[in-house]
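Colleague: Got a sequence here, can you build the structure:
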Amino acid sequence: MSEISASTSPLPDVPAAQAGSAPDPRRWLILGTVGLAQLMVVLDATIVNIALPSAQQSLGFTTVDRQWVVTAYALAFGSLLLFGGRLGDLIGRRRMFVGGALGFAAASAVGGAATSFGMLIAARAAQGVFGAFLAPAALSILSTTFTDPKERGKAFGVFGAIVGAGGAIGLVLGGILTEYLSWRWCLYVNLVFAGLAIVGGVLLLRRHQPSHRKPRLDIPGVVLASAGMFCVVYGFSNAASHNWHTPSTYGFLAAGVALLAAFAVWQWRAANPLLPPRVVLDRNRGGAYLAVLIVGAGMFGIFLFLTYYLQQSLGYSPIITGVAFLPMIAMVVIAANLSNVVLMPRFGPKPLVTVGMLLAAAALVWLTRIGVHSGYAESVLGPLMVAGLGFGFTVAPSMNTGTYGVAPQDAGAASATLNTGQQIGGSIGTSLLNTIFASTVAGYLASHLSPATLVHGHPAPALVDQALVHGYTTGFWWAAGIFAAGAVICGTLLRRGTLTAPAPGPASAAEAGAAAPQPSETAVTSH
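Modeller: Numbering: from 1, shown residues only. Below you'll find the model as predicted:
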């Protein structure tokens with residue numbers, strides 16, 4: 001089908017475990033290397049949020065402009081994920097991994113040293129570009145390194161814990177760095193993560209062995225996918241900061257949907273598709289991609305609203321707010337490893353993802369009981385721990401399932417699809433839940449205003465506190481609904497039983513035959 005998959009030369013960056021029968025003795029060090037890189041990319045979305053007020057004061061930009069510090073990263077990252085994943089398949093995952101880490105470190109250094117708002121925004125956009133190259137390469141390296149089912153479960157348990165807990169870790173680390181050092185260290189800290197990842201990538205990953213035939217990139221697919229993702233992410237981001245009725249919201253969303261629809265049609269006709277349809281048409285993989293998207297949307301309700309509640313309503317400092325999420329991080333780590341190592345080999349992903357989403361929904365329903373003067377121990381700690389279990393049971397099995405049974409030449413595309421689902425889910429959750437929260441607060445204030453609740457012409461502080469809590473609980477109800485719907489949809493879509501590699505269709509069978517002389521490929525696909 002594509003020239004790169006039909007090539008009879010060794011595939012790029014295949015770890016030593018794939019080059020022969022024995023597993024790579026350095027595979028656990030490889031796991032540590034790609035895990036560090038993934039942690040850097042995931043926590044960067046939340047670690048900067050904690051630093052925004054300090055950065056705004058230091059550089060003197062407006063509150064309206066503040067959203068662009070987050071949006072610039074999201075636009076570049078989301079738009080280029082599929083391109084970055086496929087590029088890793090074609091020119092080498094080692095090159096993309098090391099190059100992405102180098103670029104991410106450089107962009108972080110520029111952002112930390114920013115002397116103007118424009119310089120900071122440019123650095124954040126550059127972080128998104130290199131993150132889109134780095135994240136799919138990291139996951140595809142992991143999926144082609146660990147092929148033994150037991151070891152794969154352990155590896156994806158660790159990786160899933162990083163993905164599920166990375167946002168909360170960013171809150172903790174961001175609070176510590178902002179309070180005791182400077183907001184700039186929320187960017188400088190990436191130099192440590194990236195430096196370790198670069199050293200590990202250079203020492204542990206094998207060099208690319210070029211194929212005899214020059215691989216081709218699906219340029220029309222790149223343009224359609226990147227433009228479509230840009231429009232979708234921008235449209236949702238604009239809805240979060242403005243409203244759904246502005247042309248810049250619905251216009252970009254409509255354009256994004258149209259471009260992505262054209263991209264889907266083109267992938268069936270392209271000789272070298274950017275995202276081969278065989279990757280997403282498998283029921284288990286499709287269910288896994290959808291599960292990651294839904295978790296990305298629903299998780300926003302925990303991170304944003306609970307962060308606001310702890311700081312604005314309970315008066316916690318940024319560092320104490322971050323520490324408050326530690327129990328959830330611990331439960332994500334436990335559940336991710338329990339689900340992938342112990343439960344997945346016995347039951348498969350279907351019951352784990354379903355139960356995980358139901359646990360997350362239950363945790364959010366529990367959080368609707370918070371009040372203006374609630375305590376952390378009795379009202380927040382329990383739901384956080386249950387939510388951590390739910391995220392661990394959902395994210396880690398989904399990451400494993402979404403890359404299982406994929407041929408090595410498609411590993412980057414499958415990995416990028418997982419990352420894209422998470423990014424789109426986060427954008428949807430941000431815009432939808434933030435809009436619901438804002439309208440709920442405004443409606444509550446309007447319905448409770450009276451001469452008795454006004455102080456100098458403004459709503460009394462007590463009324464504002466009650467309105468905010470009402471907004472948070474409404475957001476929690478909606479997020480719970482997202483997870484409940486996800487449990488039904490993904491539970492229906494995923495197959496019963498343990499994971500088995502799908503039987504190849506006519507096109508993929510031909511590709512498998514063309515690639516049969518490669519021992520590395522048979523090692524990857526014969527789980």
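
Colleague: hey, let's count contacts and neighbours off CA atoms from now on
Modeller: Noted.

Colleague: if I look at the residue nearest the centre of the chain, how far off is residue 288?
Modeller: Nearest residue to the geometric centre of the chain (CA atoms, centre = their mean): residue 422, 3.9 Å. Distance of residue 422 to residue 288, given as CA to CA, to the nearest Å: 11 Å.

Colleague: how deep is residue 257 tucked in, by neighbour count?
Modeller: Residue 257 has 15 neighbouring residues, counting by other CA atoms under 10 Å.

Colleague: which residues does residue 422 contact?
Modeller: Going by CA atoms under 8 Å, 6 or more residues apart in numbering, residue 422 touches 292-297.

Colleague: Now, the residues you listed that are in strands?
Modeller: Counting by DSSP state E, no part of the contacts of residue 422 is found in strands.

Colleague: Out of the residues you listed, grab the one that's most surrounded.
Modeller: Busiest of these [other CA under 10 Å] is residue 292, holding 30 neighbours.

Colleague: Not counting sequence-adjacent ones, nearest residue to that residue?
Modeller: Excluding the flanking residues, the one nearest residue 292 by CA to CA, 6 or more residues apart in numbering is residue 422, at 5.4 Å.

Colleague: in the host helix or strand of the one you found, what's buried?
Modeller: According to DSSP states H and E, residue 422 maps onto helix 411-448. The neighbour-count check on helix 411-448 (16 or more other CA atoms under 10 Å) flags 411-438, 440-441, 444-445 as buried.

Colleague: chain center to it: distance?
Modeller: Mean-position distance between helix 411-448 and its chain equals 13 Å (CA atoms, centre = their mean, to the nearest Å).

Colleague: Ok, stretch 382-399 next?
Modeller: Computed by CA atoms, centre = their mean, the chain-centroid distance of stretch 382-399 equals 14 Å.

Colleague: what does stretch 235-255 give?
Modeller: 22 Å.

Colleague: what about it, average pLDDT?
Modeller: Average pLDDT, stretch 235-255: 80.

Colleague: okay, how far is it across it, tip to tip?
Modeller: 9 Å.

Colleague: follow-up on the earlier one: gap between the residue nearest to residue 292 and residue 497?
Modeller: Going from residue 422 to residue 497 by CA to CA gives 25 Å.

Colleague: Dump the contacts of residue 422 to CSV, plus distance to residue 108 and pLDDT.
Modeller: Converted to CSV, the contacts of residue 422 look like this (distance: CA to CA, whole Å; pLDDT from 0 to 100):
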residue, distance to residue 108, pLDDT
292, 27, 91
293, 27, 91
294, 29, 92
295, 27, 90
296, 24, 86
297, 26, 86
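
Colleague: from those, which single one is nearest residue 347?
Modeller: Set against residue 347, the nearest of the contacts of residue 422 by CA to CA is residue 292 (19.4 Å).

Colleague: send the alpha carbons of stretch 411-427 over as PDB?
Modeller: What follows is stretch 411-427 as a C-alpha-only set of coordinates in PDB (Å, rounded to 0.1, in the frame of the first residue of the first chain):
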ATOM      1  CA  ALA A 411       3.200   2.400  15.300                       C
ATOM      2  CA  GLY A 412       3.700   6.200  15.000                       C
ATOM      3  CA  ALA A 413       0.300   6.800  13.400                       C
ATOM      4  CA  ALA A 414      -1.400   4.800  16.100                       C
ATOM      5  CA  SER A 415       0.500   6.600  18.900                       C
ATOM      6  CA  ALA A 416      -0.300  10.000  17.400                       C
ATOM      7  CA  THR A 417      -4.000   9.100  17.200                       C
ATOM      8  CA  LEU A 418      -4.000   8.400  21.000                       C
ATOM      9  CA  ASN A 419      -2.300  11.700  21.700                       C
ATOM     10  CA  THR A 420      -4.700  13.500  19.300                       C
ATOM     11  CA  GLY A 421      -7.700  12.000  21.000                       C
ATOM     12  CA  GLN A 422      -6.400  13.200  24.400                       C
ATOM     13  CA  GLN A 423      -5.700  16.700  23.000                       C
ATOM     14  CA  ILE A 424      -9.100  17.000  21.300                       C
ATOM     15  CA  GLY A 425     -10.800  15.700  24.400                       C
ATOM     16  CA  GLY A 426      -9.100  18.300  26.500                       C
ATOM     17  CA  SER A 427     -10.200  21.100  24.100                       C
END
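
Colleague: Tell me where the model's unsure across this protein.
Modeller: Applying pLDDT under 70 to the chain flags residues 1-24, 63-64, 207-215, 240-241, 301, 452-457, 501-527.

Colleague: Just the strands from the protein, written as ranges.
Modeller: Applying DSSP E to the chain gives strands spanning 454-455, 458-459.

Colleague: quick one: the helices in the stretch 201-350 of the chain?
Modeller: In the stretch 201-350 of the chain, the helices defined using DSSP state H, counting those that start in this stretch lie at 219-241, 247-269, 277-281, 283-300, 306-308, 318-324, 326-337, 344-347, 349-367.

Colleague: Turn the ones you listed into TSV, columns for distance to residue 460.
Modeller: Shown next, in TSV, are the helices of the stretch 201-350 of the chain (distance: least, CA to CA, whole Å):
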stretch	distance to residue 460
helix 219-241	25
helix 247-269	33
helix 277-281	53
helix 283-300	29
helix 306-308	19
helix 318-324	25
helix 326-337	34
helix 344-347	53
helix 349-367	25
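
Colleague: Nearest approach to residue 188 belongs to which of those helices?
Modeller: Distance to residue 188, taken as CA to CA, is lowest for helix 318-324 among those, at 18.1 Å.

Colleague: How much space separates the residue nearest to the centre of the chain from residue 320?
Modeller: Distance from residue 422 to residue 320, by CA to CA: 27 Å.

Colleague: And residue 407, by the same measure?
Modeller: For residue 407, the distance to residue 320 equals 45 Å [CA to CA].

Colleague: Who has more neighbours out of these two?
Modeller: The residue with more neighbours, out of residue 407 and residue 320, is residue 407; 22 against 16, by other CA under 10 Å.

Colleague: next one: phi and psi at the more buried one?
Modeller: phi -60, psi 150 (degrees, to the nearest 10).

Colleague: Repeat that for residue 314.
Modeller: As for residue 314, its main-chain torsions (degrees, to the nearest 10) stand at phi -100, psi -10.

Colleague: now do residue 271
Modeller: Main-chain dihedrals, residue 271, degrees, to the nearest 10: phi -70, psi -30.

Colleague: Could you count how many residues lie near it?
Modeller: Around residue 271 there are 15 residues (other CA under 10 Å).

Colleague: returning to that earlier point: now the angle from the helix holding residue 422 to helix 283-300?
Modeller: 40 degrees (axes from the mean of the first three to the mean of the last three CA atoms, to 10 degrees).

Colleague: angle of helix 411-448 against helix 219-241?
Modeller: Put simply, helix 411-448 runs at 20 degrees to helix 219-241, going by the same axes, to 10 degrees.

Colleague: Find me whatever residue is spatially closest to residue 348, sequence neighbours aside.
Modeller: In space, and not counting its chain neighbours, residue 348 is closest to residue 498: 3.8 Å by CA to CA, 6+ apart.
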